[in-house]
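Trainee: Here is the input, now give the coordinates:
(chains A and B)
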Amino acid sequence: MIVRTSLTGPFPRSEALVQATRDLDRGRTTREAVDGLFDAAEGDIVRLEDRLGVDAVTGGYLRWADLFRPFSQTWSGFTVGSEVTRWFETNTFYRQPILHAPPDRVPGAIARHLPAAARAHGAARAKVILPGPYTFAGLLDNRSGETVEALTHRLGRLLADEVRELRGLGYATFQFQEPLLVVRPPEGPAAESVVAAYRSLGTALEGAVSIVWTFFGDARPAFPLLGRLAVGVIGCDLTETDAETLPALPAGRGLGLGCIDPRTTFVEDPGDVARIVRAVNDRLRPASIWLGPGAPLDLLPWEPATRKVHLLASARAALAGPGGAA
Amino acid sequence: MTRPLYPTQEIGSLAKPSWQLKGQRGEPLDERARAEFSEWNDRLGFAAKDDPALRAFLGDASREVGAATVRDWGALFGLKFFETAGLDRVYDGEARRVEMYEYPIRQMHGFQFQGHVRSFDNKYYLKAAVTGEIRLDRPYHLEEFDFVRTHAAGEPKLPITGPYTLADWTYNEYYLARHPGWKTRAVRRSAQREFVVELARRALRPTLQALIARGCRVIQIDEPAAGTHPDEADLVVEGFNAATEGLDAEFSMHICFSDYRTLFPALLEAKRCRQWAWEFANRDIEGRDGYEILHVLREYGDTRDVGLGVLDVHRDEVETPPKVAERIGRAAKILGDPGRIWVNPDCGLRTRRLGIAYAKLTNMVEGARLARVEQDGRS
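Mentor: Below you'll find the predicted structure:
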């Protein structure tokens, strides 16, 4: 059994960063001072990830205001919405990207937004986390005149170009956030546009580690579609998805099991996680199993997130004990 | 006592004036804060001008007045703000409360604050986890209510955060831990239900009981989280029923910025709720009827009163009296009974500057009067 671990989204900001960013908004500190704190915090997270033995570090994506902001602020065709919109069934919000014309990427723009500490650690060992084309197309305010299906496909092509550029910088692991695929699973032409978008991405991802991570919904009904996407690993949120009845993926695919629930400070039992992983492996025989938080950890404050993330190491250790090696 | 057609009521908090914030922190008042105090005191008369403490506050000794006195002025300011604008049912603009979550949680044992969670951008909120058995330290909002009742001209309406919202904004640790093994979706739901009901029974109900014993007759239970998880609408109701069980008061439930239809039919089971106070104006934009959702009450045969949000608290644009009257008329037509309507802002006006909030409220009162005249003309 091949077991890998990594974070699956942004890490929360520390209390010091919370205070510093508040101070910045109130004019009580400088951008340079806050940037220095961000750099240090990203470095702390990379060191934490290293200690936990994760297979790809993230650096926490602390500067990203939301999943879409680096894109809506830099790519052409977008403006950033002034109102905030609820982020699924959580008490957090995002600014909806407003698309006025067919979008286009700006070379170098997204690379500049990736955590520098993770890249400094070695781009080949860093995970790039990007919005998936279906979630991106579905959650923006589309005033471009393009259908959502055409837009999904277009975003797939643009993200593929982004992947090519980032691979040129040495990045080798890419994860696409696709909560909408399980919260509002596409059907008919919409589903085909998702397959087409990932076909475009697949050509750019060849030879890289590619992951689609779903969360905030039960992934099982979407598995037939998820199995058609040209990526190596499909991740699901075990808070929403029953692992015992998880369907099989096509041969050769890896399975992501989101075993840390960021909706509670209750710390999961590594023994429970090990039992689930073994049962899934015995039944489905995926090419690999990726363990990570079920949904992004920034639904928690920094301290409990730090406490909970140790489960990645303890579950791996439990799996290495009697009954299966990781 | 008979009430007028389309009575008006407040619904939540007001922005705190800068003199109150500075005064509570013991900071000296600057010219702007002094001017703001004087301007509003001239308008509302909430503080006696010959009071030596007031003269000290506005003079060079503002730091010596003390936070308690400043809070009292803040409460009187909020109360007079609503009364002078002409509202029938008022409170103090929640002048003594920092926010609606942290204060009630701090009155209870069994909770531990965990740190800040980002809401959006650089905005955060403090969040606690329930880590032990819930025990109320002492019923809360009592002194605040006493003060308002002493100074209010009419019957005050007290707002209080509901058990579902307090639970939803808290990490559930204690009740999850009571279930062994992996926390499946069913287990999580069961643990959340236990949390909501215990919170209602152990903290909300004794507090409501104590408030009622002090003469509080009109209570608004705020459940802004009600729409966050539509499949938990039954938990909202269970919490409401457990909190109000056996209590006699005029209860209402305030929900805002939600898809109310998804909460039905579960909401119908809220036994002692006499009024739904919802936000409508924010969704009443060009090409969209924000009051259309009232049809859901007709569809289910629900005949409770409606607290009708006619002021958008997220826009500076001041609704004109005819606009307010038109909204009331539209809602009355859908409900088929104008006597069920109370008129209020969508939500707390703390999102708006005080001058804008006051202009909105006075227009709301005038709009209700116009609607009354129009209704009299029809009947």
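
Trainee: How about whatever helix or strand A:Asp35 lives in and chain B, any contact?
Mentor: A:Asp35 belongs to helix A:31-52 when assigned by DSSP states H and E. No. Interface with chain B: helix A:31-52 contributes nothing (Cβ under 8 Å from any Cβ of the partner chain), its closest point being 9.5 Å away. From N, CA and C alone the C-beta is placed, and that goes for glycine too.

Trainee: Could you check the pLDDT of the residue of the stretch 201-326 of chain A found nearest chain B?
Mentor: For the stretch 201-326 of chain A, the residue closest to chain B is A:Pro301, as judged by Cβ to the nearest Cβ, at 2.7 Å. With respect to pLDDT, A:Pro301 has a value of 98.

Trainee: need the contact list for it.
Mentor: A:12, A:15, B:114-117, B:127 (Cβ atoms under 8 Å, 6 or more residues apart in numbering or on different chains).

Trainee: Now the residue lying closest to it once chain neighbours are set aside: phi and psi?
Mentor: Counting by Cβ to Cβ, 6 or more residues apart in numbering or on different chains, the nearest residue to A:Pro301 once its immediate chain neighbours are dropped is B:Gly115, at 2.7 Å. In this entry, B:Gly115 is assigned phi and psi values of phi 130, psi -170 (degrees, to the nearest 10).

Trainee: Then A:Thr214?
Mentor: A:Thr214 has phi and psi values of phi -110, psi 150 when expressed as degrees, to the nearest 10.

Trainee: Tell me how many other residues surround it.
Mentor: Applying the criterion other Cβ atoms under 10 Å in any protein chain shown, we find 31 residues in the vicinity of A:Thr214.

Trainee: Do I have it right that it meets A:Phe176?
Mentor: No. Under the criterion of Cβ atoms under 8 Å, A:Thr214 lies out of contact with A:Phe176, with a separation of 9.8 Å.

Trainee: Please identify which helix or strand holds A:Leu24.
Mentor: In the assignment (DSSP H and E), A:Leu24 maps to helix A:15-25.

Trainee: near chain A, anything from stretch B:187-196?
Mentor: Yes. Using Cβ under 8 Å from any Cβ as the criterion, contacts between stretch B:187-196 and chain A involve B:Arg188.

Trainee: SS state for B:Ala332?
Mentor: helix (DSSP: H, G, I helix; E, B strand; the rest coil).

Trainee: list the contacts for it?
Mentor: B:Ala332 makes contact with B:338, B:341, B:371, B:375, according to Cβ under 8 Å, 6+ apart.

Trainee: how near is the residue of the stretch 201-326 of chain A closest to chain B to B:Gln107?
Mentor: Between A:Pro301 and B:Gln107 the distance, using Cβ to Cβ, to the nearest Å, works out to 21 Å.

Trainee: same deal with A:Phe78?
Mentor: Counting by Cβ to Cβ, the separation of A:Phe78 from B:Gln107 is 46 Å.

Trainee: Look at these two and report which has more neighbours.
Mentor: In this comparison of A:Phe78 against B:Gln107, neighbours counted by other Cβ under 10 Å, the higher total goes to A:Phe78 at 22 against 15.

Trainee: mind listing what the more buried one touches?
Mentor: Counting by Cβ under 8 Å, 6+ apart, A:Phe78 has contacts A:71-72, A:97-100, A:103, A:140.

Trainee: Quick check: closest non-adjacent residue to it.
Mentor: Across the structure, with Cβ to Cβ, 6+ apart as the measure, the residue nearest A:Phe78 apart from its sequence neighbours is A:Ser72 (4.3 Å).

Trainee: before we move on, which element is the one you found in?
Mentor: Assigned by DSSP H and E, A:Ser72 belongs to helix A:69-74.

Trainee: taking the mean pLDDT, what do you get for that helix?
Mentor: Model confidence over helix A:69-74, given as mean pLDDT, is 98.

Trainee: Which positions in it come out as buried?
Mentor: Taking 16 or more other Cβ atoms under 10 Å in any protein chain shown as the basis for neighbour counts, the residues of helix A:69-74 that come out buried are A:69-73.

Trainee: Among those residues, which one lies nearest to chain B?
Mentor: Using Cβ to the nearest Cβ as the measure, the one of the buried residues of helix A:69-74 that approaches chain B most closely is A:Arg69, at 8.9 Å.

Trainee: I'd guessed the closest one sits against A:Val84; true?
Mentor: No. Distance between A:Arg69 and A:Val84: 11.8 Å, which falls outside the contact criterion (Cβ under 8 Å).

Trainee: Between these two, which contacts overlap?
Mentor: In terms of Cβ under 8 Å, 6+ apart, A:Arg69 and A:Val84 are both contacted by the residues A:94-95.

Trainee: Which residue, other than its chain neighbours, is closest to B:Phe147?
Mentor: Beyond its immediate neighbours in the sequence, the residue positioned closest to B:Phe147 (Cβ to Cβ, 6+ apart) is B:Ala75, lying 5.8 Å away.

Trainee: residue ranges for the helices of the stretch 151-300 of chain A, please.
Mentor: Defined through DSSP state H, counting those that start in this stretch, the helices belonging to the stretch 151-300 of chain A, from first to last, are A:180-183, A:188-205, A:223-226, A:270-284.

Trainee: and the last one, how far from the chain's centre?
Mentor: Right, the one you point to is helix A:270-284. In terms of Cα atoms, centre = their mean, to the nearest Å, the centre of helix A:270-284 is set 22 Å apart from its chain centre.

Trainee: Next: the longest one.
Mentor: If you compare the mean C-alpha spot of helix A:188-205 with that of the full chain, they lie 18 Å apart, counting by Cα atoms, centre = their mean.

Trainee: buried ones in it?
Mentor: For helix A:188-205, the buried set under the neighbour-count rule, 16+ other Cβ under 10 Å, comprises A:190-202, A:204-205.

Trainee: I figured A:Arg199 hits A:Val231, correct?
Mentor: No. Shown here, A:Arg199 and A:Val231 do not form a contact pair, counting by Cβ under 8 Å, at 10.5 Å.

Trainee: Of all the residues in chain B, which one is nearest chain A?
Mentor: B:Gly115 (2.7 Å).

Trainee: and B:Pro321, how many neighbours does it have?
Mentor: Around B:Pro321 sit 17 other residues, with neighbours defined as other Cβ under 10 Å.

Trainee: show me what contacts it?
Mentor: Taking Cβ under 8 Å, 6+ apart, one finds B:363, B:366-367, B:369-370 in contact with B:Pro321.

Trainee: And for A:Ser76?
Mentor: When contacts are counted by Cβ under 8 Å, 6+ apart, A:Ser76 is found next to A:101, A:103-106.

Trainee: returning to that earlier point: helices or strands up against the helix holding A:Ser72?
Mentor: Helices and strands touching helix A:69-74, as assessed by 3 or more Cβ pairs under 8 Å, 6 or more residues apart in numbering or on different chains; DSSP states H and E, comprise strand A:76-86, strand A:93-104, helix A:109-113.

Trainee: highest average neighbour count across these?
Mentor: A comparison of the helices and strands packed on helix A:69-74 by mean neighbour count, using mean count of other Cβ atoms under 10 Å in any protein chain shown, puts strand A:93-104 on top with a mean of 18.

Trainee: Do any residues in it lie close to chain B?
Mentor: Yes. Using Cβ under 8 Å from any Cβ, we find that strand A:93-104 touches chain B at A:93-95.

Trainee: who does that strand pair up with?
Mentor: For strand A:93-104, sheet partners with direction are given as strand A:76-86 (antiparallel), strand A:141-142 (parallel), following DSSP bridges.

Trainee: And the residues of strand A:93-104 next to chain B, which is closest to chain B?
Mentor: A:Phe93 (4.1 Å).

Trainee: isn't there a strand covering B:Met253?
Mentor: Yes. Following the definition three-state DSSP, B:Met253 is counted among the residues of a strand.

Trainee: quick one: contacts for it?
Mentor: Contacts for B:Met253 were tallied using Cβ under 8 Å, 6+ apart; they are B:162, B:220-221, B:223, B:226, B:240, B:267, B:270, B:273, B:275-277.

Trainee: Okay, and which of these map to helices?
Mentor: With helices taken from DSSP state H, the overlap with those comprises B:Phe240.
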